[in-house]
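Q: Need a 3D model of the sequence below.
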Amino acid sequence: MTKIDDIRDTFFQECDDLLEALNDGLGQLGDSADDAAFDDQTVNAVFRAVHSIKGGAAAFALDSLVKFSHHFESVLDLMRSGKVQPSTDLLKTCQKAADHLTDLVASARSGNDQTSLYDQDLAAKLLAFGNSDSGEAAPPEQDFGFVPMIIPISLDFYTPTDTSTFIIKFVATYQLFANGNDPVHLFRELAELGEYSVSTDTSELPDFDDLKWDDIHIKWEIRLTTAHDLSDISDVFEFVDGLCALSILPLEDEIAAESPQLTEIAQQTTALMEPDAPTPADEDQKLQRATTEKISASPKASVRVDLDLVDKLINIVGELVINQAVLTQCIDDAGLPESSQTRASLNEFKSLARDIQENMMAIRAQSVKPLFQRMARIAREASDIAGKSVRFETLGETTEVDRTVIERLVDPLTHIIRNSVDHGVEDPARRREAGKPETGCITLSAAHRSGRVLIEVSDDGAGINRPKVLEIAISKGLISADAVLSDSEIDQLLFLPGFSTAKVVTNLSGRGVGMDVVRSAIQKLGGRVNISSQPGKGTTIAFSLPLTLAVLDGMVVNVAGQTMVVPITAIIETLRPKAEDIHLIGAEGYVVSIRNKLIPIIDLGQAFGHRKQVGRLSEMVLLLVESDRKQPWALAVDGIYDQRQVVIKSLENNYGHVPGVAAATILGDGKIALIIDPEEATERSRPQGQMRQLQGLEEV
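A: Presented below is the predicted three-dimensional model:
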């Protein structure tokens, strides 16, 4: 990869941060859309984000991106100057512009042609906002192609009033070009401020044979007549500060040859042109020292790391954990006493391995904020298609999750958000009849819960129409006509393949694909999906996910002679029951009485087909777990071997989804052990009607 490729990659990485800041700012402005004025600092932050993207795009000749950014920042500039008044329509257009800017950046990053992607209608709407309140004529589309060194540019649409003339003297350093900048782009920026001309001084340019690529011998002088002030002109050079020698003087000051400022720029220029000027290597060392000093003085320094490298390190850590388990097994087999030096060293090794693993997980962990911003766009687009007014809110944006988990959440969350808009939130007329605000609300939240991450999508719509869901399920043969289901069981019907309540196929729904795909995708992540709804008040769909897909703390158990692993985060407590605490319900169901509460028992040996009948429960160990619907269960196992850290190995690629099994791991003796999914194991194993019988018994 060449150096220019590195710089290009850095630009797109910075675009991610700038787009995030842009969406943050627009979100903050959305709360003040109907106020008399926007917050100046927020508007400035939004403007700078778009301006920075435009400047970087110009350096790589990304013309469509430059052109659209130019239209976008023109409207933002009018907003911050007070020439365009705030409105909900304006904010909605700006949000669409931010979405389109994101698409253009993504297209440019992948090397695709942006011309066909460019939204002329949206650009025209941005121009219309700029013209409606400013009273100025719309500027014609500008040609951002390459121009000669001497650039006489006259902007026909620009009619300066109360103008001043400035003389700008500019000398670039080689670092300016090494960072992907080009003076011609700065000159184009100046072209937007007024009438100007550029002249070059090549008097110190050596012969071609003596020319060195890293020596700069050209000086530029720009004469600018503009209605803008000195600060606006200085803003053009904001991103090359320290990479050039610069002087900006009013014409009358320039005439005074003894001007201290002019003398200073002359000295800077002379220093840059001296034959004994610092070499590129010297400048690199100076820049490195400055960077080091800045980092050491900074309270928190950060570096960019290739994610592929992080993934490789994560895999190495996983192998380290397996190696630690092998050593533990070997020492156990050797029968070494607990007080031996070997065991003490092994314990230190375990501690170090855990510290490395936890820190590597922290490196790969990412905030869900970019994902939430992407979902905000999905909600806006879906509400436009559905013709509904929807407000999108987020909570817990700083929650950190393994980046692999975040990447795989995009499709499931997209399905849920679209369904919430299409099926959840009512149209304005129905909301008025129900005494609700015409604008519906969808809330996306994230939080850490008991070693897992909980992501919820809630709406304030009509809730699930359970009679309708039951009717459709019966008509499609998904359940028998005489089935008696609880509200929770009816809600779960939405996750059956091919189930759909939509009567018409639209861009949002009606194809019978969606919720079953959601559940499958979440299960592949080792997660669970839960749905709850209140008629007339809304619906909440929750994802419970592991924080990482690499390593977990597990309890190694004996299940009918087979070694299995149960995630520690799923276990509330363990106990060995007394015979008098175990009761039979119906023909095949067992419960255990714990603190005056009856809890259903699932024998994992029977559930996974290792034995035909339930074992002697009074001689087994019960692991108390809780489902996503807050229903406690007791998993019966034959014994507990150990509690240890295990490496997660996915089964999906080789075997597909195995019911009741989340993944597999390699133990210290080299054997394979299955990692149980407690939620799915209980769901697929519980006797039909057991919960209803249990509820009736407790009521009595």
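Q: Helix or strand next in line after the lowest-mean-pLDDT helix or strand in the chain, which one?
A: Every helix and strand of the chain was ranked by mean pLDDT, DSSP states H and E. The lowest is helix 280-297, at a mean of 40. Downstream of helix 280-297, the next assigned helix or strand under DSSP states H and E is helix 307-334.
Q: Next, the buried residues of the helix or strand following that next one.
A: Toward the C-terminus, helix 307-334 is succeeded by helix 341-364 as the next helix or strand (DSSP H and E). Across helix 341-364, burial judged by 16 or more other C-beta atoms under 10 Å covers 346, 350, 353, 354, 357, 360, 361, 364. Glycine gets a C-beta too; all of them are placed from N, C-alpha and C.
Q: so who does the fourth one touch?
A: What it means is residue 354. For residue 354, the contacting residues are residue 645, by C-beta atoms under 8 Å, 6 or more residues apart in numbering.
Q: Number the residues from 333 up from this point.
A: That works, and once the first residue is 333, the last one we named lands at residue 686.
Q: Would you mind measuring from it to residue 978?
A: Distance of residue 686 to residue 978, given as C-beta to C-beta, to the nearest Å: 12 Å.
Q: ditto for the third one
A: When distance is defined by C-beta to C-beta, residue 685 is 12 Å away from residue 978.
Q: cool, residue 1009 as well?
A: Per C-beta to C-beta, residue 1009 is found 14 Å from residue 978.
Q: now swap in residue 423 and tell me
A: 49 Å.
Q: still on that earlier bit, now do the shared contacts for residue 685 and residue 978.
A: In contact with both residue 685 and residue 978: residue 653, using C-beta under 8 Å, 6+ apart.
Q: Which residue ranges of the stretch 383-532 of the chain form helices?
A: In the stretch 383-532 of the chain, the helices defined using DSSP state H, counting those that start in this stretch lie at 395-412, 420-442, 452-466, 506-510, 515-523.
Q: Out of these, flag the one nearest residue 850.
A: helix 420-442 (23.5 Å; C-beta to C-beta).
Q: Mind giving me the packing neighbours of the closest one?
A: Here helix 420-442 touches helix 335-362, helix 372-391, helix 395-412, helix 452-466, helix 701-718, going by 3 or more C-beta pairs under 8 Å, 6 or more residues apart in numbering; DSSP states H and E.
Q: Would you mind giving those as TSV with mean neighbour count and distance to residue 528 added?
A: Compiled in TSV, these are given as follows (neighbours: other C-beta atoms under 10 Å; distance: least, C-beta to C-beta, whole Å):
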stretch	mean neighbour count	distance to residue 528
helix 335-362	17	27
helix 372-391	21	17
helix 395-412	22	17
helix 452-466	16	22
helix 701-718	19	39
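Q: Bridged to residue 500, which residues?
A: Here residue 500 sits in beta bridges with residue 554, residue 580, going by DSSP bridges.
Q: contacting residues for it?
A: The contact partners of residue 500, by C-beta under 8 Å, 6+ apart, come to 522, 553, 554, 555, 556, 565, 578, 579, 580, 581.
Q: Of those residues, select the buried ones using a PyMOL command.
A: Listed next is the PyMOL selection for buried residues among these, using 16+ other C-beta under 10 Å:
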select buried, resi 522+554+555+556+565+578+579+580+581
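Q: can I assume residue 710 is in contact with residue 746?
A: Yes: the pair residue 710 / residue 746 is scored as a contact, 5.4 Å apart, by C-beta atoms under 8 Å.
Q: quick one on the thing from earlier: out of the helices of the stretch 383-532 of the chain, nearest to residue 658?
A: That would be helix 420-442 among those, by C-beta to C-beta, at 43.2 Å.
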